[in-house]
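J.: quick one, fold the following:
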Amino acid sequence: MRGSFIILFNLLFVGLNAQLLPSFGNSRTGTAGMQFLKTGVDARSMSLAGAVASSPNDASSMYWNPAGITQIDSGTKYNISINHCNYFAKTKFEQAAFIYKHKYGYWGGQIVSFKSPEMKETTEFLPQGTGRTFSFSDILIGVSYAQQLTGNFSFGLSGKYVNESFAGVKTNNVLFDLGLFYDVHLRNTRFAAVISNFGINVKPNGEVTALKLTGLSTTSDFSAYSAPSLFRVAVSTLVFRNANQVLMGSIQLNHPGDNNETFALGFEYEYRKILLARTGYEFGADEKGLPALGLGIRLPKRFGGFRFDYGWQYKRVFGSVQRLGIVLSLK
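T.: Numbers count the residues shown, from 1 in each chain. The predicted model follows:
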């Protein structure tokens, strides 16, 4: 078992380790599309600044680490997560995910939507608008499979169809995530390594009509671009525990293929298995802000369990955003 874990873990580092530390802080902004794939979708995760690859808790974990779906409540067979966020600039994030626990493994599915309202088209010479409007829409539809190979080690794989539509130009891609999860069984310490959004470069389809000084100009030939690949390494551990209280801490290194590396730190406090308080901060992010905050209320039910999550984030330029989520577990 230990040998298999070492081999799989090293595979994640092949081609990545050489650039991970030397390029720390080196920006590669603007070299990939489909940027919504780097934005967290659920209230709990963003309350912890995204430091959740090694601390999965519900169906939303497949977005961060497909191997994490093996860690859902062992007493339930189904787990459903639904999240909503009124994001910056009047855009909206919606997410729905489910996990089904089968005797041959764990299966999951997810849908993520990121949309904008109609926006005015402006130019240098018509800053008040040209009279035309446009919008964008991003959709992710994914399936995941994970297996717990031993009491310590799990792996997971996700396949995702992604569609990006902007002002009539559409891009379609098929991407994959690979995740590993290792539970030390000592002070609830857990490790994770994940490669997300692995795929090929794709070319947009459609045409854009731009208003220039000489009149309308149509463009239909576009360059291919890649999805924002992302490599995460994370560890979580028990900080404090007594009869009524539990405090967990998580740290996570994020290595995107098109931007600075960031380091996330998150804490989750639990009181009597009912009340949850969370906070987290991402160091090295382009847009600075305050530590994220969140609350959760867990209500055990005869059929399984129910949890309500709330998350709050603040960025200096864009302001604050709030996320709401519900998690339902069924036996």
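J.: quick one, phi psi at Phe240?
T.: With angles defined as degrees, to the nearest 10, Phe240 sits at phi -160, psi 150.
J.: and the nearest residue to it once chain neighbours are set aside, how far is that from Gly294?
T.: Counting by C-beta to C-beta, 6 or more residues apart in numbering, Leu247 is the residue found nearest to Phe240 once chain neighbours are left out, at 4.2 Å. In short, each C-beta sits where N, CA and C put it, glycine included. Between Leu247 and Gly294 the computed distance is 15 Å (C-beta to C-beta, to the nearest Å).
J.: okay, the two: which has more neighbours?
T.: Legend: neighbour count by other C-beta atoms under 10 Å for Leu247 and Gly294, higher for Gly294 (25 against 15).
J.: note down every partner strand of the host helix or strand of the more buried one and its orientation.
T.: In this assignment (DSSP states H and E), Gly294 forms part of strand 289-301. In the sheet, strand 289-301 lines up against strand 275-283 (antiparallel), strand 304-315 (antiparallel) (DSSP bridges).
J.: worst mean pLDDT among those?
T.: Ranked by mean pLDDT, those end with strand 304-315 at the bottom, a mean of 94.
J.: nearest residue to Asn197 other than its sequence neighbours?
T.: Of all residues beyond its chain neighbours, the one nearest Asn197 is Ala227 (4.5 Å), with distances taken as C-beta to C-beta, 6+ apart.
J.: list the contacts for the one you found?
T.: Residues in contact with Ala227 (C-beta atoms under 8 Å, 6 or more residues apart in numbering) are 32-34, 37, 162, 173, 175, 197, 199.
J.: redo that, cut-off 6 Å
T.: Counting by C-beta atoms under 6 Å, 6 or more residues apart in numbering, Ala227 makes contact with 34, 173, 175, 197, 199.
J.: now do the fourth one: how many residues are near it, please.
T.: The tally of other residues near Asn197 (other C-beta under 10 Å) stands at 24.
J.: ok, the second one next?
T.: Counted with other C-beta under 10 Å, residues neighbouring Asn173 total 20.
J.: if we can go back for a sec, ok, the contacts of Ala227 vs Gly108, which is closest?
T.: The nearest member of those to Gly108, counting by C-beta to C-beta, is Leu175 at 15.6 Å.
J.: from Gln313, how far off is that closest one?
T.: Using C-beta to C-beta, we find Leu175 at a distance of 25 Å from Gln313.
J.: do Gly199 as well
T.: 28 Å.
J.: the two: which is more packed in?
T.: Neighbours per residue (other C-beta under 10 Å) separate Gly199 from Gln313, with Gln313 holding more: 25 against 16.
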